[in-house]
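> Provided below for reference: sequence and predicted model.
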Amino acid sequence: MDKQTVRETIKRTRAGLDPAALAERSAVIQASVMSLPEFAAAKALACYLAMPGEVRTDAILDAAWSAGKTVCVPAWRAESGMYGLSKMARGARVRRGAGGAPEPVNLDWMDLAGLPVIVTPGLAFDAEGGRIGHGGGHYDRLLRDPAGSQAVKIGLALEAQMFTRVPTNEADVRMNMVVTEERVIRINV
């Protein structure tokens, strides 16, 4: 299966998913993330703001803020034509950014240096850390930044988004971990 076929398959699967089931599975996934030693030890993390159909991240964000962690979220940098990371405080106003992704209204840019955990969305994953996004390469460019090379990259997915193998190439950044509602997969990348 090529990347586009995988994307189309997962988009159909997600479109047919009951919102209550997504919320329930997301709660299980988020609880697993929050129980990870990497999450507990992190003083800061990057985490996406979920779009419709994606595994929710609201509980992860709330737990991070409650623990006094610095939270960064992806936001579009118009001047570079790429995503960057912006600090975000609890209760910050959010707008629909480029491509429809939610992002803070007031941007406070931060680099990846010193971020020990990056929570990442995707359309499809495999147990080897392979990840397929929406096709723009935005997350891969962000994750390839050498400043974030030491960060543990955690992909969040429903079990229905897991494949035996997803097609990847040298531009695709592998995850160190994938968390689903059924398992936590640790990958030696």
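In hand now; what should we look at?
> which one is Asp108 nearest to, not counting chain neighbours?
Spatially, and ignoring its direct neighbours in sequence, Asp108 is nearest to Lys87 (4.3 Å; C-beta to C-beta, 6 or more residues apart in numbering). Placement of C-beta: from N, CA and C, glycine included.
> tell me what the one you found is bridged to.
Cys72 (DSSP bridges).
> surely it is in contact with Asn106?
No. Look at Lys87 against Asn106 with C-beta atoms under 8 Å: they stay out of range, at 9.6 Å.
> neighbour-wise, which of the two wins?
Lys87 (18 against 11; other C-beta atoms under 10 Å).
> please name the residues that touch the residue most central in space within the chain.
Centroid check for the chain by C-alpha atoms, centre = their mean gives Thr120 as the closest residue, at 1.6 Å. Applying C-beta atoms under 8 Å, 6 or more residues apart in numbering, we find Thr120 in contact with Tyr48, Arg131, Tyr139, Leu143, Lys153, Ile154, Gly155, Leu156, Met175.
> okay, the fourth one: pLDDT?
The reference is to Leu143. Reported pLDDT at Leu143 in the predicted model: 86.
> what's the closest non-adjacent residue to it?
Closest to Leu143 by C-beta to C-beta, 6+ apart is Val173, at 4.1 Å.
> please apply the same query to the third one.
Among residues not flanking Tyr139 along the chain, Gly133 sits closest, at 5.2 Å (C-beta to C-beta, 6+ apart).
> contacting residues for that neighbour?
Contacts of Gly133 (C-beta under 8 Å, 6+ apart): Pro121, Gly122, Leu123, Tyr139, Asp140.
> so where does the nearest residue to the third one once chain neighbours are set aside fall, helix or strand?
Spelled out, that is Leu123. Excluding the flanking residues, the one nearest Leu123 by C-beta to C-beta, 6+ apart is Ile10, at 4.5 Å. Using DSSP states H and E, Ile10 sits in helix 3-15.
> the helix or strand that that helix is followed by vs helix 3-15, what angle?
The element immediately downstream of helix 3-15 (helix or strand, assigned by DSSP H and E) is helix 19-34. Relative orientation of helix 19-34 versus helix 3-15 (axes from the mean of the first three to the mean of the last three C-alpha atoms, to 10 degrees): 110 degrees.
> now do helix 19-34: which elements does it pack against?
Secondary-structure packing of helix 19-34 (3 or more C-beta pairs under 8 Å, 6 or more residues apart in numbering; DSSP states H and E): helix 58-66, strand 152-156, strand 177-179.
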